[in-house]
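Visitor: Pasted the sequence and its predicted model underneath.
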Amino acid sequence: MSDILRLEHLSRHFAGVAAIADVSLAVAEGSISSLIGPNGAGKSTLFNLITGYLRPSEGTITFRGHRIDGLSTTRIARAGVARAFQIARPFPEISVRENVRIGALFGRDGERDVAATTEAALELTGLVEFATRPAGELTVGHLRHLELARAIAARPHLLLADEPCAGLNPAETEAVVEVLREVRRRGVTVLLVEHDMTAVMSVSDHVFVLDAGVLIAEGAPALIAADPKVIAAYLGTPEAA
Amino acid sequence: MLAIQTIADGLVLGGLYALAAVGFSLIFGVMGVVNLSHGALVMVGAYLAWSFWQAAGIDPLLAIPLVMVVLFGFGYVYQRGLIQLAVDRSSLMSSMLVTFGVALMLRNVLVLVFSPDLHSITPSYSGAPIVLGGVVFDPLRVAALTASLVLLGALAFVLRATRVGRIIRATAQQELAARLCGVNARHVYGLTFGVSAAFAGASGAILGIVIPFAPPSEALWTLNAFVVVTLGGVGSPSGALLGGLLLGVISTATSQVIGPSFPNAMMFAILVLMLMLRPAGLLGNAFARSR
Amino acid sequence: MLRAAIHAQRWWLLASVLLLAASAAVPFVLMPFEVRVGQLILLSTGLALAWTLLGGFAGYWSFGHTAFIGLGAFAAGLLETGILRGTGWWGFLAGLSFGCAVCALVALAVAWPILRLRGIYFAIAMLGVAQVLAELNNNVDALGGSVGVVMPRLATFGLRPEGLFYYLLLAATAVTMLIAFCVRHGRIGQGLAALREDEDTARMLGVPTERYKIVMFVASAALTAVFGIIYAHSLGYITASSVYRIDFSLNMIVYNLLGGIGTLAGPVIGSAIMVVLTQVVLGRFLSVHMFFTGLLLVALVLLAPKGILGLRWRGGRGAR
């Protein structure tokens, strides 16, 4: 299996402080990988770098063999990187279906089969019954699904999910996890940032651990859970979320 | 020598601009409202002063307190009755549209009552020019400037040192906290707007002596205030003074260097350029949230 | 995508075509005064539509669109009288193209910096732009603003003058409506809707926001110029103060707010109602038009911000 995303010696400074310091990692194609770490570790910054919202201070980002660091967010989105935000950002006045449609229209492969892609994304995330409602009316749980649906509709090769389970109860968490599994089944690679250890352990093929901008460990979930460095940094076990 | 004269003229004019802008600045700083009817209020002040002068021969500078009282009342009612409703919709655009509408309503009223022709107020002490160290000063403008500076100083004093002023500033900074301390925020906003309108009117009365005015000038004075705030910063009389003085000098310099009919064009150009290039203003505390 | 929209909207399209056909008959059927009212409705509708390409669709509300009316009018007028010295219809077409080109270029030149401003700041900046252009036009002698420009007369092909301008405006309005329809129901329209709601998120979803904004700004400027140029010819003689008018800017906003901002039918409904109200109902009270329009703006903002179309759909989804 090849690497769909490769970060090499990636660094990002803000006024002298290194938010990300010399991070190198590779995400295998077709996998679900998780990025974990204490608050302030730099996980969101890493996502911002990958999607082009921020430029790296040093290092490179390679996606499917091509350098994407320095490209605009629009170009990177077109190349097949989609992001579902932690705090949902729906377009409140337009319907759920139209929200998802925007994802389909402006993602990878633009105008091809827009209607079909939109419906598929709505079905996958269980939003068909809400499709005609204005997005502003949805509950938080459903808004998370909308974020995912919009990202999925963009036909990405890589889906970046930013804490999709945050604030959800166990049943809702399981629903989101199921969506991610189905997404992987359809050939999309998933990289998610998550604090919910149950979700992380149950769904991930590979885990990256970030602390203070540095990659301190990576590997299979079971190994990571037992790694003393990780325990020390995170002070967490699989039960403590 | 010409340069010094130009600068001196600019500073004198700038003091007037500062007073004409301070009300606008206060409203934006305290309530976040862009009052597009500000210039119209300035004009109302000018026409009120003109009316007192025409009807009873009252000197405009003496009429200022009367003008201020009338406009304070109008401003208070205007804010609580209309602008607050727009602000309640929590959209800056709403309050801007409402004030835009009111501006044009006031303009139309002024045209109907006073005709669209240029007016000016020419009080009797137009006297001989004052010469100081080779620089010529028009006594009328000096009187106007003095009145402006006195009023600016009074406003600064009220805001800094009186209870009302402190309440206004507190509400501006933290409305919810102020309300929790028992402040009636709506009333405070009404007062603030009343003060703003009063100063706008006062500036109109003063400007009426110096610059001929007509109802369409209202747009000019609104945009003037906007430029002053962009140059000098939001919310404080000192910021208005800085911005006003700068604008005054730029005005007179433009008049000298490019031509007497171009200061307005230059002012609008500065507005557009500042907004496009450095909306936070020269000191960084103007329209920082514009992007 | 457009084909699907045409199918979905086919009844409205049919109604529009019928309306167009009926409108074409107006100069032969109605009295001159009524034809002039019709002219005014068409001019207002066209301007409102041109404004809403940027305002309603992209969410950038310009308070200074009269800039393009004035700039277009003077560019065309100066070309036609100064260089072409009349020459009838060819001159008119040359003037029209030149005026549009000038406005498009000016818009393009300021687009990138000015479109970085959001909301009220963009509105004020455009107000400033309009004032700058008005002042320059008025005070630079070569641009003839204070002296004025006499627009060349056009051969009328046997029609009465008001009929001629009626048809010019009808054609321009029809074209503008077509463009607005294609924008609204095409891919760009969807992207603009997203942009209007949340520009940053739209950009991150891949919507080419900068490109779309600039395109709409330039298109809006050029189309506004078209109507400004036709208007100038119908006036016959223009000065800076007759074509750079703040109430033009105000009206474009009010027509849209009244009818329903962000829609296609909104500007049409809003202009028709406003023109009938001011010309017919308040016809004898010319001197209070500005007051009335300002009052209406205040009332709309406070009571019915979604306009007439919005009132119909109140309680359900937004009228988009």
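Guide: Yep, that arrived.

Visitor: give the contact list for the residue nearest to B:Val249 when sequence neighbours are not counted.
Guide: Using C-beta to C-beta, 6 or more residues apart in numbering or on different chains and skipping residues adjacent in sequence, the residue nearest B:Val249 is B:Gly10, 3.3 Å away. In this view, the C-beta of every residue, glycine as well, is placed from N, C-alpha and C. Listed by C-beta atoms under 8 Å, 6 or more residues apart in numbering or on different chains, the contact partners of B:Gly10 are B:245, B:248-253.

Visitor: Please, a ChimeraX command that selects the buried ones among those residues?
Guide: Buried members of the contacts of B:Gly10, defined by 16 or more other C-beta atoms under 10 Å in any protein chain shown, are picked up in ChimeraX with:
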select /B:245,248,249,250,251,252,253
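
Visitor: For the contacts of B:Gly10, name the two members farthest from one another.
Guide: B:Leu245 and B:Ala253 (12.5 Å; C-beta to C-beta).

Visitor: and the gap between the closest residue to chain B within chain A and C:Ala193?
Guide: Here chain A gets closest to chain B at one residue, A:Glu93, 13.4 Å apart by C-beta to the nearest C-beta. A:Glu93 sits at a distance of 9 Å from C:Ala193 (criterion: C-beta to C-beta, to the nearest Å).

Visitor: Neighbour count: these two, which is higher?
Guide: Using other C-beta atoms under 10 Å in any protein chain shown, the more surrounded residue of A:Glu93 and C:Ala193 is C:Ala193, with 24 against 16.

Visitor: Quick check: chain neighbours aside, which residue is closest to that one?
Guide: Per C-beta to C-beta, 6+ apart, closest to C:Ala193 is A:Ile94, 6.1 Å.

Visitor: Please give the element, helix or strand, for B:Ser25.
Guide: Counting by DSSP states H and E, the element that carries B:Ser25 is helix B:2-31.

Visitor: Please see if the helix or strand following that helix touches chain C.
Guide: Sequence order places helix B:38-56 as the next helix or strand after helix B:2-31, per DSSP H and E. No - Helix B:38-56 stays clear of chain C (C-beta under 8 Å from any C-beta of the partner chain), getting no nearer than 10.1 Å.

Visitor: Centre of the chain to helix B:38-56, how far?
Guide: Distance of helix B:38-56 from the chain centroid (C-alpha atoms, centre = their mean, to the nearest Å) equals 14 Å.

Visitor: Now do whatever helix or strand comes next after that helix against helix B:2-31, angle only.
Guide: Per DSSP H and E, the first helix or strand lying C-terminal to helix B:38-56 is helix B:60-78. Using axes from the mean of the first three to the mean of the last three C-alpha atoms, to 10 degrees, the direction of helix B:60-78 lies 30 degrees away from that of helix B:2-31.

Visitor: For helix B:60-78, buried residues please.
Guide: So helix B:60-78, judged by 16+ other C-beta under 10 Å, has buried residues B:60-61, B:63-64, B:67-68, B:70-72, B:74-76, B:78.

Visitor: Could you tell me the per-residue confidence at the residue nearest the centre of chain C?
Guide: Central residue of chain C (C-alpha atoms, centre = their mean): C:Leu47, 1.6 Å from the mean position. Looking at C:Leu47, its pLDDT is 97.

Visitor: how many neighbours does B:Val131 have?
Guide: 9.

Visitor: tell me the contacts of A:Phe63?
Guide: Neighbouring residues of A:Phe63 by C-beta under 8 Å, 6+ apart: A:4-6, A:50, A:76, A:79-81, A:157-158.

Visitor: For chain C, tell me which of those show up nearby.
Guide: Counting by C-beta under 8 Å from any C-beta, no member of those reaches chain C.

Visitor: The residue nearest to the centre of chain C and C:Pro267, how far apart?
Guide: From C:Leu47 to C:Pro267 the distance is 8 Å (C-beta to C-beta).

Visitor: Give the intersection of the neighbour lists for those two.
Guide: Common neighbours of C:Leu47 and C:Pro267 (C-beta under 8 Å, 6+ apart) are C:Tyr255.

Visitor: quick one, longest helix in chain A?
Guide: Ranked by number of residues, the top helix in chain A under DSSP state H is helix A:170-185.

Visitor: which strands and helices sit next to it?
Guide: The helices and strands touching helix A:170-185, judged by 3 or more C-beta pairs under 8 Å, 6 or more residues apart in numbering or on different chains; DSSP states H and E, are strand A:32-36, helix A:114-124, helix A:140-153, strand A:189-193, helix A:197-203.

Visitor: what residues does the helix or strand just after the first one touch?
Guide: Scanning forward in sequence from strand A:32-36, with DSSP H and E defining helices and strands, the next element found is helix A:43-50. By C-beta under 8 Å, 6+ apart, the surrounding residues in contact with helix A:43-50 are A:5, A:7, A:10, A:12, A:19-20, A:23, A:35-37, A:54-56, A:61, A:63, A:68-69, A:76, A:81, A:83, A:86, A:160, A:162, A:193, A:210, A:213.
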